[in-house]
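Enquirer: let me see the structure of the following:
(one chain, ligands or ions: 2)
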Amino acid sequence: MRVDVDIPGKHYPIHLGRNLIANAQLYPEGARNGRAFVITNDTVAPLYLNQVQAALGDQLPVHVMPDGERFKSMEQLSAVLDKMLALKLGRDTTIIALGGGVVGDLAGFAAAVYQRGIPLVQIPTTLLSQVDSSVGGKTAVNHPLGKNMIGAFHQPDCVLTDLNTLDTLPAREFKAGVAEVIKYGLLGDIDFFTWLESHMEALLARDGETLSHAIATSCRHKAQVVSADEKEKGQRALLNLGHTFGHAIEAHLEYRDWLHGEAVATGMCMAAELSQRHGWISRADCQRVDALISKAGLPTAVPSGLSAERMRALMQGDKKTAAGRVRLVLFRALGDALLSADYDDALLMQTLQHYCR
Ligand code: NAD
Ligand code: MG
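Expert: Numbering: from 1, shown residues only. Ligands and ions are numbered 1, 2, ... in the order given. The predicted structure follows:
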């Protein structure tokens, strides 16, 4: 299966299926002719690097990063660029990013800045990276003063989404990816949301057809939003559904204990609750959101020890502010999200108090 991403000035395919990584035909010509540099990590390399080598040869230069978000850093980026320069890799080199979002973001940024930009192939190996970070061209590393603060837009030449890689993904990481899948249904596609309600067990069991439909639909949604608004001037912000609440939870936990997708899951419940308190969606709608998120094995309540006041302050610190007021992604209806600064502060406080007990 193939999903096309059409961005002004750049058109590229997401190939979706099984046994794609070892298929040389799917890579750009330069990479097939030995002009490639692989970036991966020490968890993914033993699992899938041999398949890239089967496609492109085992003489390929490779950089294996340590596993972990804290290595999405300027230091690690520097190490990558040092190695590429020492190898005298030219501008016609394709970077192959093999791994989850951490590898994809760092490798993508390396591709954006190495000699002002070189080709990139994303091979996302987590559900989250397959439905989210590998699509849309945002690349970045973290800075001690903020996540993803140093980055660039750099679209890949193609994305190889090989469903086989999900066989080895830990269940908790898988579910965190499911949160972002649910997000696409909630923000713009009620039919997909309804489909997820009846296919969640099959999805969690990683049934092939179910996975493939869920991932393709998610990629199409992200690709559509990104095509309309590559640089996040408007519509792309809807992809932050659940994220402002979620970031406050992550910040409270100092980015430990909970995965991003878990925080977003609770955040989506809170966005639904606040919308319900405005009368925009019904109590039954809210219960559907909670029920699907619970069914996915994701949290629907905030972690203990987080007060409403503290959560409010942490949300204020989030960067999505318009004239000092935090804009939130809320619901006009289930499956129809909007970005709004036009909500009632008292209702927001009540929502936070409802959750932070
Ligand atoms: P991750 O890259 O840390 O991967 C999660 C864990 O799974 C890691 O331990 C990894 O080594 C392991 N792993 C990866 N593939 C595996 C496999 N097939 N089998 C077994 N283990 C495997 O995390 P993630 O959730 O993929 O990505 C999170 C990152 O993505 C964050 O840094 C976030 O900022 C970024 N992100 C970027 C965008 C974007 O638009 N660029 C969007 C969303 C998230
Ligand atoms: Mg996210």
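
Enquirer: do stretch 3-10 and ligand 1 meet?
Expert: No - on the criterion CB under 6 Å from any ligand atom, stretch 3-10 is out of touch with ligand 1, staying 12.7 Å away. All C-beta spots, glycine's among them, are computed from the backbone N, C-alpha and C.

Enquirer: go through that stretch and flag the buried ones.
Expert: For stretch 3-10, the buried set under the neighbour-count rule, 16 or more other CB atoms under 10 Å, comprises 3, 5, 7.

Enquirer: would you format those residues as JSON lines with secondary structure and pLDDT included?
Expert: Shown next, in JSON lines, are those (DSSP: H, G, I helix; E, B strand; the rest coil; pLDDT from 0 to 100):
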{"residue": "Val3", "secondary structure": "strand", "pLDDT": "93"}
{"residue": "Val5", "secondary structure": "strand", "pLDDT": "92"}
{"residue": "Ile7", "secondary structure": "strand", "pLDDT": "85"}
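
Enquirer: ranges for the helices of the stretch 101-250 of the chain?
Expert: In the stretch 101-250 of the chain, the segments counted as helices under DSSP state H, counting those that start in this stretch are 101-113, 127-128, 171-188, 190-204, 208-228, 243-252.

Enquirer: quick one, strands of this protein?
Expert: Using DSSP state E, the strands of the chain run over 2-7, 10-17, 36-41, 62-65, 94-99, 120-124, 138-143, 146-153, 158-162, 321-322, 325-326, 328-333, 336-340.

Enquirer: surely Leu77 touches Ala110?
Expert: Yes - taking CB atoms under 8 Å as the definition, Leu77 is a contact partner of Ala110 at 6.1 Å.

Enquirer: more neighbours, these two?
Expert: For the pair Leu77 and Ala110, the greater number of neighbours falls to Ala110 (26 against 21), based on other CB atoms under 10 Å.

Enquirer: do you know how far Gln350 is from Ser282?
Expert: Distance of Gln350 to Ser282, computed by CB to CB, to the nearest Å: 17 Å.

Enquirer: try Lys175
Expert: In terms of CB to CB, Lys175 sits 27 Å off from Ser282.

Enquirer: looking at the two, which has the bigger crowd around it?
Expert: When Lys175 and Ser282 are compared for neighbours, Lys175 comes out ahead with 22 against 13, by other CB under 10 Å.

Enquirer: quick one, what contacts that one?
Expert: For Lys175, the contact set (CB atoms under 8 Å, 6 or more residues apart in numbering) comprises 204, 261-262, 296-298.

Enquirer: quickly list what Tyr5 is bridged to.
Expert: Quick fix: residue 5 is Val, not Tyr. Counting by DSSP bridges, Val5 is bridged to Tyr12.

Enquirer: show me which residues of the stretch 101-250 of the chain are close to ligand 1?
Expert: So the stretch 101-250 of the chain meets ligand 1 at 101-103, 105, 125-126, 128-129, 132-133, 136, 138, 148, 165, 168-169, 173 (CB under 6 Å from any ligand atom).

Enquirer: so how do I select the buried members of those residues in PyMOL?
Expert: Buried subset of these, written as a PyMOL selection, criterion 16+ other CB under 10 Å:
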select buried, resi 101+102+103+105+125+126+128+129+132+133+136+138+165+169
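
Enquirer: stretch 214-231: how far from the chain's middle?
Expert: On the basis of CA atoms, centre = their mean, to the nearest Å, stretch 214-231 sits 11 Å off its chain's mean C-alpha point.

Enquirer: check stretch 235-245 too.
Expert: With CA atoms, centre = their mean as the basis, the mean position of stretch 235-245 lies at 12 Å from the chain mean.

Enquirer: and it, end to end?
Expert: Distance between the two ends of stretch 235-245: 19 Å, counting by CA to CA, to the nearest Å.

Enquirer: list the buried residues for that stretch?
Expert: 236-245.

Enquirer: over to stretch 170-180?
Expert: 174-180.

Enquirer: and those, which is closest to Ala214?
Expert: Taking CB to CB as the measure, Ala214 sits nearest to Val178 out of the buried residues of stretch 170-180, at 8.1 Å.

Enquirer: show me what contacts that closest one?
Expert: By CB under 8 Å, 6+ apart, the neighbours of Val178 are 127, 203-204, 261, 296, 298.

Enquirer: now these in CSV, with neighbour count and pLDDT?
Expert: Formatted as CSV, the contacts of Val178 follow (neighbours: other CB atoms under 10 Å; pLDDT from 0 to 100):
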residue, neighbour count, pLDDT
Leu127, 30, 98
Leu203, 23, 98
Leu204, 16, 98
Gly261, 28, 97
Ala296, 23, 98
Leu298, 23, 98
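
Enquirer: and which of the residues you listed is nearest to Tyr27?
Expert: Of those, the one sitting nearest to Tyr27 (CB to CB) turns out to be Leu127, at 22.7 Å.

Enquirer: can you tell me how far Ala214 is from Arg357?
Expert: With distances taken as CB to CB, Ala214 is found 33 Å from Arg357.

Enquirer: the more surrounded of those two?
Expert: Neighbours were counted for Ala214 and for Arg357 using other CB under 10 Å; Ala214 has more, 27 against 10.

Enquirer: measure the more buried one to ligand 1 for me?
Expert: Going from Ala214 to ligand 1 by CB to the nearest ligand atom, to the nearest Å gives 16 Å.

Enquirer: Gly100 too?
Expert: 2 Å.

Enquirer: quick one: that residue and Leu127 touch, right?
Expert: No - using CB under 8 Å as the test, Gly100 is too far from Leu127 to be in contact (9.1 Å).

Enquirer: need the overlap of contacts for these two.
Expert: With CB under 8 Å, 6+ apart as the test, Gly100 and Leu127 both reach Glu173.

Enquirer: that'll do, ta.
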